[in-house]
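A.B. asks: Task: produce atomic coordinates for the following.
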Amino acid sequence: GPRSPGTLVRWTFAADGPAALRLALAAARPGLGHSFRTAVRTLDARLASAPGRG
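C.D. replies: Numbers count the residues shown, from 1 in each chain. Next up is the predicted model:
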């Protein structure tokens with residue numbers, strides 16, 4: 001489909017540790033993704049409103 005102009009941001013998160021840590025990170029994955037998307041949207045809005053853009 002059509003793509004909006006802008007920058008594509010991909011993130012990769014890797015962790016190695018005991019099974020309990022991996023289980024906790026798997027459970028936290030949706031929250032981590034939400035936090036990352038919110039941060040990118042906030043950055044996009046700040047960049048779009050920065051002086052000298054447009």
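
A.B. asks: Look up how far F13 lies from the residue nearest the centre of the chain.
C.D. replies: Centre of the chain computed as the mean C-alpha position; nearest residue by C-alpha atoms, centre = their mean is F36, 2.8 Å away. In this view, F36 and F13 are 9 Å apart by C-beta to C-beta, to the nearest Å. Placement of C-beta: from N, CA and C, glycine included.

A.B. asks: Could you list the low-pLDDT ranges of the chain?
C.D. replies: 1-4, 53-54 (pLDDT under 70).

A.B. asks: roughly how far apart are A50 and D44?
C.D. replies: Between A50 and D44 the distance is 11 Å, computed by C-beta to C-beta.

A.B. asks: quick one: which of the two has more around it?
C.D. replies: Relative neighbour count places D44 above the other of A50 and D44, with 13 against 9, counting by other C-beta atoms under 10 Å.

A.B. asks: Sticking with the more buried one, tell me its helix or strand.
C.D. replies: Here D44 is covered by helix 19-48, with elements defined by DSSP states H and E.

A.B. asks: How far off centre is that helix?
C.D. replies: The chain centre lies 5 Å from the centre of helix 19-48; the measure is C-alpha atoms, centre = their mean, to the nearest Å.

A.B. asks: Count the residues that sit near R22.
C.D. replies: Neighbours of R22 using other C-beta under 10 Å come to 12.

A.B. asks: Then V40?
C.D. replies: The burial count for V40: 13, using other C-beta under 10 Å.

A.B. asks: Now do the contacts for the residue nearest to the centre of the chain.
C.D. replies: Applying C-beta atoms under 8 Å, 6 or more residues apart in numbering to F36 gives the contacts W11.

A.B. asks: Also L21?
C.D. replies: For L21, the contact set (C-beta under 8 Å, 6+ apart) comprises A15.

A.B. asks: if we can go back for a sec, from A19, how far out is the residue nearest to the centre of the chain?
C.D. replies: Note on F36: its distance to A19, by C-beta to C-beta, is 24 Å.

A.B. asks: Also G33?
C.D. replies: Counting by C-beta to C-beta, the gap between G33 and A19 amounts to 22 Å.
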